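**Q** Coordinates only, no sequence provided:
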């Protein structure tokens with residue numbers, strides 16, 4: 001073969017290499033089925049020219065598209081497993097990191113927090129890859145930033161804020177503001193602060209964070225703004241924002257936000273006692289979550305559905321729905337979700353027992369005792385988050401139940417705790433039966 005022929009072959013290969021890079025970049029900006037078909041073609045072309053790096057990027061792009069389109073987790077994990085074999089075979093350490101970070105994100109999206117935690121920790125403990133990186137710091141990449149952000153959020157969901165501070169401090173030192181990837185931890189930090197203030201009922205501290213959050217991610221900022229407005233009883237403004245947000249997210253195919261908007265809109269219907277009008281929204285949100293295999297959001301929708309059934313006077317059906325939802329919540333849910341689920345379960349048990357605060361009727365005392373135990377478990381979760389408004393509700397219910405059971409000392413203790421929290425909060429307690 002002549003030197004000129006070798007040169008032409010290499011030139012053609014470089015030409016296709018450039019085309020593939022441009023193609024993958026273009027596909028990232030596209031949406032819909034056409035994008036998936038073109039990505040598959042690019043993967044075949046990369047495999048044909050023995051370009052494992054580009055083939056892997058194409059497969060990971062397909063996995064990301066599949067996750068947003070509602071593909072099952074096992075199909076996506078099978079695809080990533082095949083790429084991992086390719087990565088290890090060719091010592092593509094950077095792609096191994098990206099694959100693990102993407103796996104962490106997928107497990108979190110599907111509501112499997114335990115698996116997400118495992119994958120993030122696996123990425124952070126890849127000491128075997130150090131020789132491959134030739135002295136480059138591993139925790140200086142976007143993949144490690146994503147993994148650490150997931151870890152911070154997972155710890156925050158369990159109320160472990162001291163661990164969250166350590167993780168965020170490391171991120172701030174590794175990626176100072178205005179440097180590459182700093183946007184990731186900045187948004188993560190703002191979201192954690194916001195949720196913490198909302199859980200503690202400190203809406204005046206949560207509201208100022210919205211501006212900074214909107215600058216980093218407009219969709220997240222709008223959603224959080226609606227949450228604050230709803231908490232402040234500015235229902236009309238909150239409803240207007242949620243409607244705009246739903247239209248935008250449906251066009252952009254942001255399924256997770258669409259479901260959350262539906263749930264928030266249903267909560268606005270509750271405030272005007274529109275429990276019947278909330279049902280279609282909740283059923284639609286539940287169907288969408290199940291269609292996309294989003295277990296966390298499906299459980300959240302079932303909690304809302306159970307609350308609506310309780311308010312419509314069918315506590316047995318509500319308790320049946322809760323029995324289906326409680327297991328994944330206790331296994332993978334946040335501390336707040338666990339507390340809310342148990343508090344709602346106790347309220348359903350109280351209703352099923354036929355308990356009346358005024359003492360009318362004959363209550364099933366065995367079920368009342370069960371409800372007291374459930375409330376104690378819920379209180380333990382809310383204590384982790386310093387959620388005083390919820391604890392006030394629990395002590396109020398406990399005082400009534402202990403009184404019905406003839407447990408005077410326990411009744412007095414619960415009543416005292418309720419009074420202390422009521423004085424500390426200095427705000428009128430909303431009706432305990434009117435919120436989830």
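**A** Done, it's in. Note that the structure is predicted; figures quoted are calculated from it, not measured.

**Q** Could you give the number of residues near the residue lying closest to residue 386 once chain neighbours are set aside?
**A** Setting aside the residues directly before and after it, residue 386 is nearest to residue 200 in space (C-beta to C-beta, 6 or more residues apart in numbering), at 5.5 Å. Quick note: C-beta positions are derived from backbone N, CA and C, even for glycine. As a burial measure, residue 200 scores 16 neighbours (other C-beta atoms under 10 Å).

**Q** how close does the closest residue to residue 415 other than its chain neighbours get to residue 390?
**A** Nearest in space to residue 415, with sequence neighbours left out and distances taken as C-beta to C-beta, 6+ apart, is residue 399 at 4.4 Å. Residue 399 sits 15 Å away from residue 390 when distances are taken as C-beta to C-beta, to the nearest Å.

**Q** more crowded one of the two?
**A** Neighbours per residue, other C-beta under 10 Å: of residue 399 and residue 390, the larger number sits with residue 390, 24 against 20.

**Q** right, and that one touches residue 339 too?
**A** Yes: Residue 390 lies in contact with residue 339 (C-beta atoms under 8 Å); the separation is 6.4 Å.

**Q** what touches both of these two?
**A** By C-beta atoms under 8 Å, 6 or more residues apart in numbering, residue 390 and residue 339 have these common neighbours: 378, 382.

**Q** got the contact list for the strand or helix carrying the residue nearest to residue 415?
**A** Using DSSP states H and E, residue 399 sits in helix 388-404. For helix 388-404, the surrounding residues in contact (C-beta under 8 Å, 6+ apart) are 200-201, 339-340, 343, 346-347, 350, 355, 357, 359, 363, 365, 368, 371-372, 375-376, 378-379, 382-383, 408, 410-411, 414-415, 417-418, 421-422, 424-425, 429, 432.

**Q** Now the buried members of those.
**A** Burial by neighbour count, judged by 16 or more other C-beta atoms under 10 Å, picks out 200-201, 339-340, 343, 346-347, 350, 355, 363, 368, 371-372, 375, 378-379, 382-383, 410-411, 414-415, 417-418, 421-422 from the contacts of helix 388-404.

**Q** residue boundaries of the helices in the stretch 151-300 of the chain?
**A** 161-174, 182-199, 203-206, 209-216, 218-231, 235-252, 255-271, 275-291, 295-311 (DSSP state H, counting those that start in this stretch).

**Q** Indicate which one of those is closest to residue 74.
**A** helix 295-311 (13.7 Å; C-beta to C-beta).

**Q** what angle sits between the closest one and helix 275-291?
**A** 160 degrees (axes from the mean of the first three to the mean of the last three C-alpha atoms, to 10 degrees).

**Q** tell me the mean pLDDT for the following helix or strand past helix 295-311?
**A** Towards the C-terminus, the helix or strand next in line after helix 295-311, according to DSSP H and E, is helix 315-332. Model confidence over helix 315-332 averages 93 on the pLDDT scale.

**Q** Give the buried residues for helix 315-332.
**A** When neighbours are counted by 16+ other C-beta under 10 Å, the buried residues of helix 315-332 are found to be 315, 318, 319, 321, 322, 325, 326, 328, 329, 332.

**Q** of the residues you listed, closest to residue 62?
**A** Minimum separation from residue 62 among these (C-beta to C-beta) is found for residue 332, which lies at 26.0 Å.

**Q** so that closest one touches residue 294, yeah?
**A** No: with contact taken as C-beta under 8 Å, residue 332 and residue 294 are classed as non-touching, separated by 11.7 Å.

**Q** what residues are shared contacts of those two?
**A** Taking C-beta under 8 Å, 6+ apart as the criterion, residue 332 and residue 294 both touch residue 111.

**Q** Now do the same contact list for residue 248.
**A** Contacts were defined as C-beta under 8 Å, 6+ apart; by that measure residue 248 touches residue 219.

**Q** That one and residue 112, how far apart?
**A** Separation of residue 248 from residue 112 (C-beta to C-beta): 28 Å.

**Q** can you check residue 185 too?
**A** When C-beta to C-beta is the yardstick, residue 185 and residue 112 sit 23 Å from each other.

**Q** Looking at those two, which is more packed in?
**A** The residue with the greater number of neighbours, taking residue 185 and residue 112 and applying other C-beta under 10 Å, is residue 185; the counts read 22 against 19.

**Q** Now do the same contact list for the nearest residue in space to that one that is not next to it in sequence.
**A** With sequence-adjacent residues excluded and distances taken as C-beta to C-beta, 6+ apart, residue 185 is closest to residue 171, at 3.9 Å. Residue 171 makes contact with 145, 148, 149, 152, 185, 188, according to C-beta under 8 Å, 6+ apart.

**Q** Just the buried ones out of the residues you listed, please.
**A** Taking 16+ other C-beta under 10 Å as the criterion, what is buried in the contacts of residue 171 is 145, 148, 149, 152, 185, 188.
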